[in-house]
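> Need the 3D shape of this:
(chains A and B)
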Protein chains: 2
Amino acid sequence: MEGEKIELLSAVEDHHGGVVVHVEDPIDSTLFSSQLEASINNWKQQGKKGVWIKLPIQYSNLVDPVVKAGFNYHHAELDYLMLVRWIPDTPHTLPANASHRVGVGAFVLNNNNKVLVVQEAGGKFRGTGVWKMPTGAVNEGEDLCEAAIREVREETGIETKFVEVLAFRQSHKSFFEKSDLFFVCMLQPQTFDIRNQASEIKAAKWMPVEDYAAQPFVQENELFDFIAKICFSKLDGNYTGFSNVLTCTSSGKNTYLYLNKQDASHLFASKQGQA
Amino acid sequence: MEGEKIELLSAVEDHHGGVVVHVEDPIDSTLFSSQLEASINNWKQQGKKGVWIKLPIQYSNLVDPVVKAGFNYHHAELDYLMLVRWIPDTPHTLPANASHRVGVGAFVLNNNNKVLVVQEAGGKFRGTGVWKMPTGAVNEGEDLCEAAIREVREETGIETKFVEVLAFRQSHKSFFEKSDLFFVCMLQPQTFDIRNQASEIKAAKWMPVEDYAAQPFVQENELFDFIAKICFSKLDGNYTGFSNVLTCTSSGKNTYLYLNKQDASHLFASKQGQA
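Now for the predicted structure:
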């Protein structure tokens, strides 16, 4: 490399003393390797800490050279891979990857003590005749109270208002090594005419709560049985879950706090739960 | 390939009509491409759905050929990349990647109304003089009640017992596009002598609760202020959070359910919260 001027990779500084490289144009992998090597030397001199490289999937030819330059994988989504290398000799303080998927189930009750239930077209309940509450995954960036409302709308056409989280469970190895948090939410229906829209739903209806609870799949499964009983305690007015209060973080972002608002009502007199 | 017998990749069937290939030995990337192509034809004939390929980072030379064979990234950890291709012509039903990191904060109070607090050696509170409750990330596969106990032990040497989740908040884009769930837990101390062990902790002490709450960083931050007030309501015996009940899933796995056990005490008379 004597006498040769190698262009450095363009990078954006992050808030933790590191830099992020977004590869956005095709580049020959040998040329990229040289630029990366020169850039690492430069970042070392500058005292940079974590170096992140975001590689869109169309540049998969660059994965091997980046790994050969001492990078590890950090996380990936369908269309990109994020790699990282810690430059200093000190132990790294890089953030951990996302470890959990988050799901919601919606307990929606009308004025006739009927609960909103669905039959799934696929999955493990396919063809079992089981009627279950609408459930679904919380998207990245989505509030769980909003996810519950969205899932009910998608699966039944019913519009609802979030009331509270009745309970939640955490489970492990639900998907390869990843863990899972599942929130059972109580929602109040604002409309009552069912319009089944989602292709994954075979049928939807309002079902008497006693019939729901009497299903063998509920009675024989300790977890479902508990959840059904909590829902019924709620029905009788004898149970308080966690409701949502919109607050503000130190960086000015809106964020929902979930808590026992009934017990803490004196603290939140001026706060609106719904945004 | 006429007349040539190409070996198929060895794969394990999953529970969703798909297969998983674990690459465990070095292989030439051209040979791997041929074997992958032949295997895909074979899986198509067999009516397989999702095909997963787990590539340890030492085989990063195979990433490009796998992507060229029509695979997408699915998720990655430091030492491996998981790629996936949906074989049928129908819309895919592949599980979403993990979307959330999960953190815990521990509110630990002794018999003299003093709360266990730490000063962090790094991060955004470095050098601010702020005393905060011990916090940390929940590991993949770790119960959040156990994570709170572990973090307190690592940061202060204090042994504790989990009491309940007082509140939780969800925030977004906390780390690239990933979301974040943070659970404030109340723990009961079983020992009282502080031994500061973790390198990320500068100091730890028992602090009068009034002094903790009077800190400007708590008073000026709506979220911290709320959380402090909830903790004080708890102190006065006027607040019930979610405690943990060990239950069993339909597949026989132990799993913690978190709920308002006080309100649901009649349902859980026979259940022990602590495993």
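> quick one: secondary structure of A:Val84?
Look at A:Val84: counting by DSSP: H, G, I helix; E, B strand; the rest coil, its state is strand.
> what bridges to it?
A:Trp52, A:Asn72 (DSSP bridges).
> So which residues of chain A form helices?
Along chain A, counting by DSSP state H, helices occupy A:29-45, A:63-68, A:144-156, A:209-214, A:216-219, A:222-235.
> Specify the stretch among the ones you listed that is closest to B:Val104.
Relative to B:Val104, the nearest member of the helices of chain A by C-beta to C-beta is helix A:144-156, separated by 17.4 Å. Yep, even glycine has a C-beta here, placed from its N, CA and C like the rest.
> contacting residues for the residue lying closest to A:His75 once chain neighbours are set aside?
Nearest non-adjacent residue to A:His75, counting by C-beta to C-beta, 6 or more residues apart in numbering or on different chains: A:Asn97, 4.7 Å away. The neighbours of A:Asn97, taking C-beta atoms under 8 Å, 6 or more residues apart in numbering or on different chains as the test, are A:74-75, B:76-77, B:98, B:101.
> How about stretch A:69-79, which residues are buried there?
Residues of stretch A:69-79 classed as buried: A:69, A:71-77 (neighbour count, 16 or more other C-beta atoms under 10 Å in any protein chain shown).
> Take those and write them to JSON lines, including distance to A:Phe168 and pLDDT.
Formatted as JSON lines, those follow (distance: C-beta to C-beta, whole Å; pLDDT from 0 to 100):
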{"residue": "A:Ala69", "distance to A:Phe168": "42", "pLDDT": "96"}
{"residue": "A:Phe71", "distance to A:Phe168": "36", "pLDDT": "97"}
{"residue": "A:Asn72", "distance to A:Phe168": "32", "pLDDT": "97"}
{"residue": "A:Tyr73", "distance to A:Phe168": "30", "pLDDT": "96"}
{"residue": "A:His74", "distance to A:Phe168": "28", "pLDDT": "94"}
{"residue": "A:His75", "distance to A:Phe168": "24", "pLDDT": "93"}
{"residue": "A:Ala76", "distance to A:Phe168": "27", "pLDDT": "93"}
{"residue": "A:Glu77", "distance to A:Phe168": "25", "pLDDT": "90"}
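> biggest separation within these, which pair?
Top of the distance list for those (C-beta to C-beta): A:Ala69 and A:Glu77, 22.1 Å.
> From what I see, A:Phe71 and A:Trp86 are in contact.
No. Contact criterion C-beta atoms under 8 Å: A:Phe71 and A:Trp86 do not qualify, at 9.6 Å.
> Neighbours of A:Lys44, how many?
12 (other C-beta atoms under 10 Å in any protein chain shown).
> Let me know whether it touches A:Trp86 as I believe.
No. Shown here, A:Lys44 and A:Trp86 do not form a contact pair, counting by C-beta under 8 Å, at 11.5 Å.
> Can stretch A:185-196 be said to contact chain B?
No. Residues of stretch A:185-196 contacting chain B under C-beta under 8 Å from any C-beta of the partner chain: none, with a closest distance of 12.3 Å.
> and the helix or strand bottoming out on mean pLDDT in chain A, what does it pack onto?
Using mean pLDDT, DSSP states H and E, helix A:222-235 stands out as the lowest-scoring helix or strand of chain A, at a mean of 80. Where contact means 3 or more C-beta pairs under 8 Å, 6 or more residues apart in numbering or on different chains; DSSP states H and E, helix A:222-235 is packed against strand A:100-108, strand A:160-175, strand A:178-189, helix A:209-214, helix A:216-219, strand B:243-248, strand B:254-259.
> list the buried ones in it?
A:222-234.
> Ok, stretch A:47-63 next?
Result for stretch A:47-63 [16+ other C-beta under 10 Å]: buried residues A:48-55, A:57, A:59-63.
> Dump the C-alpha coordinates for it into CSV.
Output of stretch A:47-63 as CSV, limited to C-alpha atoms (Å, rounded to 0.1, in the frame of the first residue of the first chain):
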residue,chain,number,x,y,z
GLY,A,47,-10.2,6.3,19.7
LYS,A,48,-13.5,5.0,18.3
LYS,A,49,-15.2,2.2,20.2
GLY,A,50,-17.9,0.1,18.4
VAL,A,51,-17.9,0.0,14.6
TRP,A,52,-21.2,-1.1,13.0
ILE,A,53,-21.6,-2.1,9.4
LYS,A,54,-25.1,-2.4,8.0
LEU,A,55,-25.1,-4.6,4.9
PRO,A,56,-28.2,-4.8,2.8
ILE,A,57,-28.8,-8.3,1.6
GLN,A,58,-28.0,-7.4,-2.1
TYR,A,59,-24.4,-6.9,-0.9
SER,A,60,-24.1,-10.4,0.7
ASN,A,61,-20.7,-10.7,-1.2
LEU,A,62,-19.3,-8.4,1.4
VAL,A,63,-20.2,-10.5,4.5
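> domain ranges for chain A?
For chain A, automatic domain parsing gives the domain ranges A:12-86, A:100-235, A:243-274.
> what distance separates the start and the end of the second one?
Looking back up the chat, that one is domain A:100-235. Using C-alpha to C-alpha, to the nearest Å, one end of domain A:100-235 lies 31 Å from the other.
> Tell me how far that domain lies from the chain's centre.
17 Å (C-alpha atoms, centre = their mean, to the nearest Å).
> mind listing what the nearest residue to A:Tyr239 once chain neighbours are set aside touches?
Nearest residue to A:Tyr239 in three dimensions, chain neighbours excluded: A:Ser233, at 3.8 Å (C-beta to C-beta, 6+ apart). For A:Ser233, the contacting residues are A:239, B:263-264, B:267, by C-beta under 8 Å, 6+ apart.
> redo that, cut-off 10 Å
If you count contacts by C-beta atoms under 10 Å, 6 or more residues apart in numbering or on different chains, A:Ser233 has them with A:166, A:239-240, B:259-260, B:263-264, B:266-267.
> repeat for A:Arg195
A:Arg195 touches A:153, A:156-158, A:204, counting by C-beta under 10 Å, 6+ apart.
> Most neighbours out of the residues you listed, which is it?
A:Thr156 (27 neighbours).
> Might one say that it is in contact with A:Gln119?
No. Under the criterion of C-beta atoms under 10 Å, A:Thr156 makes no contact with A:Gln119, lying 11.4 Å away.
> Give the residues shared as contacts by these two.
By C-beta under 10 Å, 6+ apart, the residues touching both A:Thr156 and A:Gln119 are A:196, A:201, A:204-205.
> farthest pair in the residues you listed?
A:Ile201 and A:Lys205 (11.0 Å).
> any common contacting residues for the two?
With C-beta under 10 Å, 6+ apart, A:Ile201 and A:Lys205 have common neighbours A:118-119, A:156.
> Out of those, which is nearest to A:Asn110?
A:Thr156 (11.7 Å).
> got the contact list for the closest one?
Taking C-beta under 10 Å, 6+ apart, one finds A:106, A:108, A:116-118, A:134, A:189, A:191, A:193-198, A:201, A:204-206 in contact with A:Thr156.
> Are any of those residues buried, and if so which?
For these, buried by 16+ other C-beta under 10 Å: A:106, A:108, A:116-118, A:134, A:189, A:194, A:196, A:198, A:201, A:204, A:206.
> Going by distance to chain B, which of those wins?
A:Ala198 (11.7 Å; C-beta to the nearest C-beta).
> So, low pLDDT: which residues of the stretch 1-150 of chain A?
For the stretch 1-150 of chain A, the stretches with pLDDT under 70 are A:1-4.
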